[in-house]
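[1] need coordinates for the following:
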Amino acid sequence: MIRCLTLLAVISFAVHALAADGPKAAPAGMTRIFNGTDLTGWDGDPRLWSVKDGAIRGETTPEKPVNGNTFLI
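    Down below sits the predicted model:
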């Protein structure tokens, strides 16, 4: 059991360390479409779309309702 927990801790640490490095360069032949920091190059309602913790986030609230589908393109 101790071995399993130790292995799990090491794997968790490694995954966290790799994720903390930030966005990597796009693989050969691919184009990165999101820079991980803001919505530069994207078109969408800024009241609904934002970037939080390096991820694109869409949020509606009672204060910011949506009458139908909305997209970030």
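
[2] residue closest to the middle of the chain?
    When C-alpha atoms, centre = their mean is applied to the chain, the residue found nearest the centroid is Ala55 (2.1 Å).

[3] identify the bridge partners of it.
    Here Ala55 shows beta-bridge partners Lys52, assigned using DSSP bridges.

[4] around Lys64, how many other residues sit close by?
    Residues contacting Lys64 under the criterion other C-beta atoms under 10 Å number 10. Backbone N, C-alpha and C define where each C-beta goes, glycine included.

[5] so who does it touch?
    Applying C-beta atoms under 8 Å, 6 or more residues apart in numbering, one finds that Lys64 lies in contact with 47-48.

[6] now do it against Gly58, distance only.
    Note on Lys64: its distance to Gly58, by C-beta to C-beta, to the nearest Å, is 11 Å.

[7] hey, where'd the strands end up in this protein?
    49-52, 55-58 (DSSP state E).

[8] what would these look like in a markdown table with distance to Asn69 and mean pLDDT?
    Output for these, formatted as a markdown table (distance: least, C-beta to C-beta, whole Å; pLDDT from 0 to 100):
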| stretch | distance to Asn69 | mean pLDDT |
| --- | --- | --- |
| strand 49-52 | 13 | 95 |
| strand 55-58 | 11 | 94 |
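
[9] show me what counts as buried in stretch 52-68.
    Neighbour-count burial for stretch 52-68, with 16 or more other C-beta atoms under 10 Å as criterion, is recorded at no position.

[10] so how many other residues sit close to the closest residue to Ala25 other than its chain neighbours?
    Spatial nearest neighbour of Ala25, excluding adjacent residues (C-beta to C-beta, 6 or more residues apart in numbering): Arg32 at 7.7 Å. Other residues near Arg32 come to 11 when the count uses other C-beta under 10 Å.
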